[in-house]
Every structure is written in structure tokens, then in C-alpha cells.
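Q: Predicted model and sequence follow; I will ask about them next.
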Amino acid sequence: MSKHILICTDLDRTLLPNGKQPESPGARAAFARLVSRLEVSLAFVSGRHRQLVEEAISQYQIPIPDWVIGDVGTTIYQLKDNKWLPWPEWEQEISLDWQGLTAHDLRPFFREFKALTLQEESKQNRYKLSYYLPLETKVRPLQHAMLLRLSLANIRASLIYSVDEETSTGLLDVLPERATKLHAVEFLMRNKDFDISNTVFAGDSGNDLPVLTSAIQSVLVANAGLDVVEQAQYQSLQEGSESALYLAQGGFMGMNGNYSAGILEGVAHYHPETRHWMEQDDEQ
């Protein structure tokens with residue numbers, strides 16, 4: 001049997017074709033064939049909370065994953081026999097960064113920052129504090145000021161900025177320092193005996209950058225924005241991880257490299273033996 005491969009993918013505008021660019025016909029079906037293989041495990045890595053992940057699975061008819069890293073890395077579930085089983089050890093690990101405080105406890109730290117607007121309660125959780133902010137906001141100085149305020153209380157946090165292209169809105173998540181998508185993926189790899197040689201991550205946006213620019217084999221789908229492409233290239237060069245970043249180009253199996261077509265292209269780039277697993281006439 002071939003080696004076991006872990007595919008970790010973001011959902012919105014990575015696996016889900018809900019961006020402005022077209023999806024290649026048959027790309028999601030080929031992705032479903034790939035992840036149906038016994039040699040492949042699948043994890044969704046998303047900013048969505050559990051209910052929204054379930055809605056996406058139903059709406060887009062995408063495969064049921066083995067694990068879901070949700071809420072930008074603050075929750076991990078294993079899906080087994082149609083049950084969502086939370087991973088309490090993950091919550092214990094990230095809780096140390098906030099000195100026993102919760103996201104609700106942190107809200108008073110940022111009341112003076114007028115650019116920040118709290119997102120809806122359904123988008124908050126115990127270890128995820130999420131804000132909207134205008135696109136014209138100078139993000140780095142704002143992040144610096146927020147982190148300084150937290151550091152005075154000995155709170156270690158990650159501030160993850162991304163843009164919702166559909167609404168042209170800035171999104172800023174305050175997370176425990178170890179609760180990024182990167183650390184959650186590394187936690188999953190460590191506990192399920194995967195390493196950087198048999199893991200592939202796929203993403204498209206700013207909150208995917210910590211993984212895209214790490215040592216983990218990664219693919220940036222072709223529909224990603226130019227700003228994300230430039231940031232990914234710059235940061236991976238700074239980190240010395242440029243060989244672990246693949247930019248989907250299109251042309252693979254006659255597809256355009258957008259969404260699931262880009263994921264397939266990236267997986268085949270790192271693991272060429274998987275191509276025939278994606279093809280329609282392949283049998284396990």
C-alpha cells in the first residue's frame with residue numbers, strides 16, 4: 001500500500017467554489033474520488049463554526065472529513081459514525097495562553113479601538129474573539145497596539161486578519177497564540193502520526209498564511225487574490241520555506257486551478273502517484 005496522506009483544506013473559496021472565479025466541471029467529483037481512497041485522510045480547516053461547516057457539506061455535496069478544525073483553529077472535532085466528537089486536549093492546550101480568561105473576558109481590552117466592530121455572537125466562541133473592521137484600516141499598527149495591551153496582562157495572542165471578498169469587509173480574529181490554523185494542523189499531525197512529508201495543506205486567504213508559509217507542503221489555489229499570493233511568496237521566502245509553497249497554475253487534468261482543481265493540482269505536485277486516484281476510471 002502507498003503511504004498514507006493527510007489533506008488539510010480550507011473551505012470558503014478553497015474547496016467551496018463560492019468566489020467570483022469559475023469552477024472547473026468535474027473538479028469536486030475528482031476531489032471526492034481522491035479522498036475516498038483508503039490511503040487518504042481529510043481534514044477541513046476553516047473559519048466556520050460547526051453549524052456552518054455542516055451547512056457547507058450539505059449545500060456543496062462535499063465529502064465528509066475525518067476531522068474538522070473550525071473557528072480559525074480554536075476547535076477540533078473528529079467525525080465518527082456521524083458524530084462530532086470534540087478534542088478536549090486541544091482546548092486545554094490553547095487555554096494556557098489566556099491565563100484562564102475567555103474571549104468574552106478580553107472584550108474590555110479593546111473598547112477604545114473605534115475601528116473594531118464585534119461580529120455576531122454566533123461567530124464568537126470561548127477562545128475566538130472576532131471583529132469587523134473597514135478595509136481602509138491600517139491593520140499592522142492596530143494589531144501592534146492590541147497585542148501591546150494584551151501583553152501587559154501577560155496574555156499571549158495571535159491576531160489573524162483576512163478579507164471577506166463577498167462583502168469587502170476586513171475580519172480580525174483574536175485567538176490564543178497557539179490556536180492558529182498552523183498550530184491546530186501541527187497538533188493533528190503530531191497526534192495522528194503524520195509529518196511534513198505526507199501532509200498537504202490548501203488555502204486561499206490571509207488566515208491561511210501561517211500554514212502556507214510554514215514547512216508543511218502547501219498549495220495556494222489559483223483563485224487566491226494577488227495580495228495573498230504576494231504575501232505568501234514574501235513570507236515563505238523570509239521563513240526559508242519557499243520549496244513547500246506551490247501556486248496552482250491551472251492546466252492540470254485540463255482544469256483551471258481554481259478551488260478543488262487547485263487542491264488536486266497541488267496534491268499531485270507533491271505526490272505524483274495520486275493522479276490516477278483522481279481519474280474517473282481508477283479503482284481502489
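A: That came through, no problem.
Q: check contacts around Pro17.
A: Contact analysis of Pro17 by Cβ atoms under 8 Å, 6 or more residues apart in numbering lists 23, 28, 60, 258-260. In this view, the C-beta of every residue, glycine as well, is placed from N, C-alpha and C.
Q: Keep only those of those residues that are in strands.
A: Of these, none are assigned to strands by DSSP state E.
Q: Most neighbours among these, please name it.
A: Counting neighbours by other Cβ atoms under 10 Å, Tyr259 comes out on top of the contacts of Pro17 with 32 neighbours.
Q: how close does that residue get to Ile7?
A: Using Cβ to Cβ, to the nearest Å, Tyr259 is found at 14 Å from Ile7.
Q: which residues touch stretch 220-230?
A: Residues outside stretch 220-230 that contact it (Cβ under 8 Å, 6+ apart) are 13-14, 19-21, 163, 165, 202-206, 208-209, 212, 232, 245-250, 256-259, 261-263, 266.
Q: Report the two of the contacts of Pro17 separated the most.
A: Largest separation among the contacts of Pro17 by Cβ to Cβ: Tyr60 and Asn258, giving 14.1 Å.
Q: Show me where the stretch 101-250 of the chain dips below the pLDDT cut-off.
A: By pLDDT under 70, the stretch 101-250 of the chain contains no weakly predicted segment.
Q: Which parts of it are strands?
A: Secondary structure of the stretch 101-250 of the chain (DSSP state E, counting those that start in this stretch): strands at 117-118, 129-133, 157-164, 169-176, 199-203, 217-220, 245-247.
Q: Who are the contact partners of Tyr259?
A: Contact analysis of Tyr259 by Cβ under 8 Å, 6+ apart lists 13-17, 19, 21, 23-24, 27-28, 221, 223.
Q: follow-up on the earlier one: just the ones of the contacts of stretch 220-230 in helices?
A: Among the contacts of stretch 220-230, DSSP state H puts 209, 212, 232, 259, 261-263, 266 in helices.
Q: okay if I get the residues you listed as JSON lines plus distance to Glu55?
A: Formatted as JSON lines, the ones in helices among the contacts of stretch 220-230 follow (distance: Cβ to Cβ, whole Å):
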{"residue": "Leu209", "distance to Glu55": "26"}
{"residue": "Leu212", "distance to Glu55": "26"}
{"residue": "Ala232", "distance to Glu55": "28"}
{"residue": "Tyr259", "distance to Glu55": "17"}
{"residue": "Ala261", "distance to Glu55": "23"}
{"residue": "Gly262", "distance to Glu55": "23"}
{"residue": "Ile263", "distance to Glu55": "20"}
{"residue": "Gly266", "distance to Glu55": "26"}
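Q: And those residues, which is closest to Glu93?
A: Nearest to Glu93 among the ones in helices among the contacts of stretch 220-230, with distances taken as Cβ to Cβ, is Leu209, at 21.7 Å.
Q: Tell me, how many residues neighbour that closest one?
A: Neighbours around Leu209, by other Cβ under 10 Å: 23.
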